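Enquirer: A structural model of the following input is requested.
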Amino acid sequence: MNEKKMAFILCVNDDSWFRECQLYIMQLEKPEDFEIEVLAVQEALSMAGGYNEGMAASDAKYKVYLHQDVFIINRRFIFDILQLFEEDDIGMIGIVGVPKMPKDGVMWHNMRYGNLHDLPILERQFEIRPIRPIEGKYMEMEAVDGLLIATRADIPWREDVFKKWDFYDASQSFEFRKRGYRIVVPGQKKAWCIHECGRVSMWGYEEERRKFVEEYEAMLD
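Expert: Model (predicted):
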């Protein structure tokens with residue numbers, strides 16, 4: 001495992017979005033002896049499956065899984081992520097998360113914390129409450145949103161259960177917690193990312209939600 005390398009892994013179905021996302025990544029500052037790798041997974045059958053493919057293709061210790069329409073505007077992103085990972089029990093870092101996962105598995109049914117520049121489509125479409133800011137260095141979460149997830153360990157994404165495009169993020173959060181890792185969202189005085197999220201398709205969402213609740217019922221206390 002290459003400890004001087006960070007891989008950025010995306011499931012891509014729109015080359016124009018990917019090129020713009022990659023442009024932001026390549027502008028990030030990094031330690032002098034550090035390597036950046038960008039992997040685009042084409043024609044993935046599911047998000048979990050695509051991320052497993054990308055994970056297997058890279059020897060980077062640090063991996064960042066992000067949507068193709070997420071643009072990292074914090075030029076010090078790599079330094080900030082590495083600093084958080086200096087705490088050995090932090091295994092996953094997100095941009096937005098929930099400190100207590102609702103029993104129904106729907107993340108936005110509880111208050112979410114973090115910071116993000118986005119098009120508030122979800123808020124308008126589903127009347128979701130705004131994201132609250134975090135005071136301090138970071139806040140520990142039970143689950144983080146899949147728009148961007150950074151990891152320090154390779155734990156398989158549950159493509160055996162989640163075969164579409166939802167709940168891969170909550171599932172991976174729970175898989176890291178099952179292995180004793182903490183999950184955090186950093187305190188971001190200025191948002192680290194822009195998320196150009198358009199209208200959200202909920203096709204398959206309910207089916208995946210039921211799978212999530214069944215798979216992790218014991219952890220949804």
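
Enquirer: can you pull out the residues in contact with stretch 20-37?
Expert: 2, 4-8, 10, 38, 58, 60, 66, 68-73, 75-79, 82 (CB atoms under 8 Å, 6 or more residues apart in numbering). Any C-beta I mention is one placed from the backbone N, CA and C, and that applies to glycine too.

Enquirer: select only the buried ones of the residues you listed in ChimeraX?
Expert: Typed into ChimeraX, the line below selects the buried ones among these, using 16 or more other CB atoms under 10 Å:
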select :5,6,7,8,10,38,58,60,66,68,69,70,71,72,77,78,82
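
Enquirer: quick one: find the helix or strand in this protein with the lowest mean pLDDT.
Expert: The helix or strand of the chain with the poorest confidence is helix 121-126; it has a mean of 50 (mean pLDDT, DSSP states H and E).

Enquirer: would you put the C-alpha positions of whichever helix or strand comes after that helix in PDB?
Expert: Using DSSP states H and E, the helix or strand that follows helix 121-126 in sequence is strand 138-141. Output of strand 138-141 as PDB, limited to C-alpha atoms (Å, rounded to 0.1, in the frame of the first residue of the first chain):
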ATOM      1  CA  TYR A 138     -14.700  17.800  13.500                       C
ATOM      2  CA  MET A 139     -17.900  16.000  14.600                       C
ATOM      3  CA  GLU A 140     -18.200  12.300  14.800                       C
ATOM      4  CA  MET A 141     -20.900  10.700  12.600                       C
END
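
Enquirer: tell me how far strand 138-141 lies from the chain's centre.
Expert: Its chain's average C-alpha position is 14 Å from that of strand 138-141, according to CA atoms, centre = their mean, to the nearest Å.

Enquirer: please apply the same query to stretch 147-159.
Expert: 8 Å.

Enquirer: buried residues in it?
Expert: Residues 147, 148, 149, 150, 151, 152, 157, 158, 159 are the ones in stretch 147-159 that count as buried (16+ other CB under 10 Å).

Enquirer: so where is the protein shaky, pLDDT-wise?
Expert: For the chain, residues meeting the criterion pLDDT under 70 lie at 119-129, 198-203.
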